[in-house]
Every structure is written in structure tokens, then in C-alpha cells.
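**Student:** following is a predicted model, sequence given first.
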Amino acid sequence: MKSIAIIYHSRQGHTQFIAEQIQIGAAQVENIQIDLFTAESLMAHPDLITQYDGLIWGSPTYLGGVSGIFKQLMDLTGPLWKKQSLKGKLSAGFTVSSLPAGDKQSTLISLFTFCMQHGMIWIGNPVLPEQHQGVPYTQALNRLGSWSGLMAQAEHQSAANAFDFGDIKTAQLFGQNFALNLNAIQR
């Protein structure tokens, strides 16, 4: 059985909601164990993530980058970097902000660079946007057009009501794709 850790920071519950949707999608693949971790819960022992085969990192986009708390966790993985403890692990990233763009690409690039420095293998978002096929924008898969990772847009409401259907379904497909790729790797 392969294992995935979804590691995220969520101040208002929106990024957590998307993390849970990714977990739902990954759980559709057989022989996959998925655990959710908040960035805060790993601060004392970031080495806990070394036991996982795949790591999906998620942060809200704050002022064009990851949140301060998430950055703290990234910095605490320095000892893991020195030992190359995460080298060869499958990785991916996701982010949420309240605007369609909101500089989310900067956050994904930060997550990508972090994973590359650790020697991880990055999986992007292969879901094609559907609005060009006549699907209404709010229901379209990958409506924000991100291939480097998952982007979602949250309205200023409770997390359960903040997302359009297209973003929820895209998050689930993103998780499923990650789990399928993880299962395809022979170790």
C-alpha cells in the first residue's frame, strides 16, 4: 500500500476544504492511504512526513505567496534537506485565494521550488479546462487554467459554500491523478 500526506495551512477553512476534496479523489484509487496534516501539527516533528510515499502541499495565497505559517514549516524541513530525506518522493501543490488569479501562480512556484530543492518529483494538474467546450464557467473543470498545480477560488463565505462545483471536482480529479501516478511508481 502506498501512502500520501496532504499537508496544508488553512486560517479560515477554505484550504482545508480543498485538501479534503483532494483526499476524496485520492481515496478513489485502490491501495492508497491518505492522511491530512495541518502545517501547525508538523512544526515540532516535520520528520513525520518522511514515512510517506507522496506529499501534497497546500497553502492559501497571501500577498503573492504561501502563508507565514506554511513558510515556517517549509523552513523547518532544513534538516530533512541536509539528509535528502524527501528525495524521490512524489509531490504536488495546491493553493486557494479569493480572486480568480490572486497571484496564485507565485504560490505554486514557491511550492514547486521547495519540492525541487528537496529532490522530490513534481506532478502538475493535467485536467483540461472545460469552459471552451460549452460547460458553464462555474462548473467547468480547471476553470482557472492551472497546469503547474491546483488552483481554487474561494468566495467570502463558509468553506462548504465558498467554492464553485468546477473547483471541487477539479480538486478531486487532482487527488485521483496524484494517487494513480503514485501507484504507477515501482519501489
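**Tutor:** That came through fine.

**Student:** what is the mean pLDDT for stretch 30-42?
**Tutor:** Taken as a whole, stretch 30-42 has a mean pLDDT of 97.

**Student:** number of residues surrounding Ile69?
**Tutor:** Number of residues near Ile69 (other CB atoms under 10 Å) recorded here: 18. From N, CA and C alone the C-beta is placed, and that goes for glycine too.

**Student:** I'd assumed Pro60 was in contact with it.
**Tutor:** No - using CB atoms under 8 Å as the test, Ile69 is too far from Pro60 to be in contact (9.8 Å).

**Student:** okay, and the common contacts of these two?
**Tutor:** Both Ile69 and Pro60 are contacted by His9, under the criterion CB atoms under 8 Å, 6 or more residues apart in numbering.

**Student:** residue contacts, Leu63?
**Tutor:** Taking CB under 8 Å, 6+ apart, one finds Asp103 in contact with Leu63.

**Student:** can you classify Ala171 as helix, strand or coil?
**Tutor:** Ala171 carries the three-state label helix when classified by DSSP: H, G, I helix; E, B strand; the rest coil.

**Student:** what number of residues lie near it?
**Tutor:** 28.

**Student:** I'd like the distance between it and Leu86.
**Tutor:** Separation of Ala171 from Leu86 (CB to CB, to the nearest Å): 23 Å.

**Student:** mind checking the backbone torsions on the residue of the chain positioned farthest from its centre?
**Tutor:** Taking CA atoms, centre = their mean, the residue of the chain most remote from its mean C-alpha position is Gly134, at 27.4 Å. When read as degrees, to the nearest 10, the backbone of Gly134 gives phi 90, psi 0.

**Student:** and for Leu80?
**Tutor:** phi -70, psi -40.

**Student:** residues in contact with the closest residue to it other than its chain neighbours?
**Tutor:** Nearest residue to Leu80 in three dimensions, chain neighbours excluded: Leu86, at 5.7 Å (CB to CB, 6 or more residues apart in numbering). The contact partners of Leu86, taken as CB under 8 Å, 6+ apart, are Ile49, Thr50, Leu55, Thr77, Leu80, Cys115, His118, Gly119, Met120.
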